[in-house]
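Visitor: below: sequence and its predicted model.
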Amino acid sequence: MSFYDVIHSYDWNEIQREILRRSREDVERALAARAPGFDDLLSLLSPEAEAFLEPMAQRAHRLTLQRFGRVMGMFAPLYLSNVCTNRCVYCGFNAGNAISRVTLTPQEAAAEGESLRRMGFRTVLLLSGEAPQIVTEEYLERVLERLRPYFPSIGIEMFPMTEERYRELIGQGVDGLTIFQETYDEAGYKEFHPGGKKSDYRWRLETPERGGAAGFRRIGIGALLGLNDWRVEGFFVALHANHLLRSCWKSQLAISFPRLRSSAGGYQSRFPVADRHLVQLICALRLFLPDVGFTLSTREASGLRDCLIPLGVTAMSAGSRTEPGGYSRPGTGGAQFEVADERPPEEVAEALRCRGYEPVWKEWEGASSFA
């Protein structure tokens, strides 16, 4: 049974109603549970749980230390292309936006890789818009040939592909797959994705399972916070993660918490997520999913990122640029969204050390020929 079948046994509106009707006693019962279940998660995501942020944060901190210690994985995004055929209303790469479109050559991608390597990174995440006619199989193979010597670990966050194609990419040195569903509300999904291949909800939803079947070492999921009610999105992210832990048990699983940021399209969120709500979401999911990695991007401001370090985060990006060529020749292409934490990577690493954490630049020995 795929997750598409699983999610259809739940009603978005009913989950929302159930979260809103939770009482203080329900929250206390959830916090007392040794291993919170789905019913407890509904309570931890509820408005009533906001009064319990401190005990939730303390428990999330203890769980994270027990499972992951005081280490923080460091990675950087590398955008290959901002050409896109989709019309996602919230995205700077929307095909209808008047931005400068750039696709890096393999040589230019290598220059970006060299820049990131000099900054200390050994883990990179490759991103692009959805334009398979531009980011072709041959193109990706040539890019990977250039980047493998620099990075022991290479992940992709691109358009959904077939299981067979993912197997080919794994054979070419890719070990991680990140794919955000954006919103788990199927009706709302159609509103946010009116055109392009991304408008196919099911094709995107089942992508992590194809990646797990193909054999990716790492799989990352998440919802784009701000598109819909974050409390309900949080429940369905957890439901998805729970399914993947059982169906893709050979892969390491991580959840990201991206909040909507300003982009070229000027989309304004109807469901803004306050800082305290992001804290609540991270803590609630840590209590429910103690062994899942949590990833935090530079979408968040430096002060907030530093405060979130102890609450469950296990990997962070740093020094990020969200446009093709942003590291070696910035300003040549349109960006996907604005970055909030603009600190250089070493400054982020120093902030981690000051809080007793160890930044880890390399946690996997892949195909790299560099020591």
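Guide: Perfect, I can see it now.
Visitor: could you use CA atoms for every contact and neighbour count after this?
Guide: Fine.
Visitor: ok now stretch 125-133, how far from the chain's centre?
Guide: Relative to its chain's centre, stretch 125-133 lies at 16 Å (Cα atoms, centre = their mean, to the nearest Å).
Visitor: nope, stretch 329-345 is what I was after
Guide: 17 Å.
Visitor: list the buried residues in that stretch.
Guide: Gly333, Gly334, Ala335, Gln336, Phe337, Glu338, Val339, Asp341, Glu342, Pro345 (16 or more other Cα atoms under 10 Å).
Visitor: which one of those is nearest Pro149?
Guide: Pro345 (20.8 Å; Cα to Cα).
Visitor: circling back to that earlier point, now tabulate the buried residues of stretch 329-345 in TSV and tack on pLDDT and distance to Ala95.
Guide: Shown next, in TSV, are the buried residues of stretch 329-345 (pLDDT from 0 to 100; distance: Cα to Cα, whole Å):
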residue	pLDDT	distance to Ala95
Gly333	82	14
Gly334	86	12
Ala335	86	13
Gln336	90	12
Phe337	89	15
Glu338	88	18
Val339	93	21
Asp341	96	27
Glu342	96	27
Pro345	97	31
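Visitor: is Tyr327 in a helix, a strand, or coil?
Guide: Secondary structure assignment for Tyr327 (DSSP: H, G, I helix; E, B strand; the rest coil): coil.
Visitor: does the closest residue to it other than its chain neighbours belong to a helix or a strand, and which?
Guide: Leaving aside its sequence neighbours, Tyr327 sits nearest to Glu112 (Cα to Cα, 6 or more residues apart in numbering; 5.8 Å). Following DSSP states H and E, one finds Glu112 within helix 106-119.
Visitor: possible to save the buried residues of stretch 329-345 as TSV with distance to Leu285 and secondary structure?
Guide: Putting the buried residues of stretch 329-345 into TSV (distance: Cα to Cα, whole Å; DSSP: H, G, I helix; E, B strand; the rest coil) gives the following:
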residue	distance to Leu285	secondary structure
Gly333	36	coil
Gly334	34	coil
Ala335	30	coil
Gln336	27	coil
Phe337	26	coil
Glu338	26	coil
Val339	25	coil
Asp341	24	coil
Glu342	27	coil
Pro345	27	helix
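Visitor: show me which of those is closest to Cys84.
Guide: Nearest member of the buried residues of stretch 329-345 to Cys84, counting by Cα to Cα, is Gln336, at 10.9 Å.
Visitor: tally up the residues packed near Arg29, please.
Guide: Arg29 is flanked by 14 other residues according to other Cα atoms under 10 Å.
Visitor: between the buried residues of stretch 329-345, which is nearest Arg167?
Guide: Nearest to Arg167 out of the buried residues of stretch 329-345 is Gln336 (Cα to Cα; 27.8 Å).
Visitor: which non-adjacent residue is nearest the closest one?
Guide: Per Cα to Cα, 6+ apart, closest to Gln336 is Gly92, 4.4 Å.
Visitor: check the one you found and give its pLDDT.
Guide: Looking at Gly92, its pLDDT is 90.
Visitor: doesn't Ala335 make contact with it?
Guide: Yes. Shown here, Gly92 and Ala335 form a contact pair, counting by Cα atoms under 8 Å, at 6.4 Å.
Visitor: re the thing from before, residues in contact with the residue nearest to Tyr327?
Guide: Neighbour list for Glu112: Leu78, Gly325, Gly326, Tyr327, Ser328 [criterion: Cα atoms under 8 Å, 6 or more residues apart in numbering].
Visitor: residues contacting the last one?
Guide: Read that as Ser328. Ser328 neighbours (Cα under 8 Å, 6+ apart): Ala111, Glu112, Ser115.
Visitor: tell me which helix or strand Leu78 sits in.
Guide: Going by DSSP H and E, Leu78 is in strand 71-81.
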